[in-house]
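> Sequence unavailable; structure follows:
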């Protein structure tokens with residue numbers, strides 16, 4: 001049988017070591033990053049079209065990431081696209097074949113040299 005004194009010593013030591021251990025603990029990363037470690041992901045190189053492929057559909061990223069290798073993490077209804085652990089794009093997962101963000105689309109059009117002139121595109 002344990003005496004009251006041995007229980008107190010045990011509780012004191014438990015609290016002491018717990019307090020000491022907390023000094024070395026860091027806060028958890030954000031939920032998305034944390035879940036990304038637990039989930040399967042897809043790695044691919046961004047093609048010249050700026051569209052990465054996920055489950056039969058294509059999702060846009062900025063043209064600055066062409067030829068870069070990115071990681072795609074589907075979490076819930078969202079597709080998170082990371083480059084070197086930095087979020088570069090986020091899309092709602094959809095059944096639509098091509099999913100462009102407006103800024104990515106405008107950037108692509110500008111890069112292709114399309115401009116309106118007398119009702120025609122050059």
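On my side now, so go ahead. On a predicted model such as this, the values are computed, not experimentally measured, just so you know. Residues are numbered from 1 along each chain as shown.

> going forward, measure contacts and count neighbours with C-alpha atoms only.
Will do.

> Which pLDDT value belongs to residue 105?
Here the pLDDT value assigned to residue 105 is 82.

> Just give the nearest non-adjacent residue to residue 58, would you?
Counting by Cα to Cα, 6 or more residues apart in numbering, residue 58 lies nearest to residue 98, which is 4.8 Å off, once chain neighbours are set aside.

> what sits against residue 92?
77-79 (Cα atoms under 8 Å, 6 or more residues apart in numbering).

> Quickly note the distance from the residue positioned nearest the centre of the chain to residue 96.
Nearest to the geometric centre of the chain sits residue 80, at 4.0 Å (Cα atoms, centre = their mean). Applying Cα to Cα, to the nearest Å, the value for residue 80 to residue 96 is 17 Å.

> Export the contacts of residue 92 to TSV and append columns for secondary structure.
TSV is the format used below for the contacts of residue 92 (DSSP: H, G, I helix; E, B strand; the rest coil):
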residue	secondary structure
77	coil
78	strand
79	strand
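
> Check which helix or strand residue 11 maps to.
Secondary structure assigned from DSSP states H and E places residue 11 in helix 4-22.

> sorry, back to before: buried members of the contacts of residue 92 into PyMOL, please.
Applied in PyMOL, the following selects the buried portion of these according to 16 or more other Cα atoms under 10 Å:
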select buried, resi 79
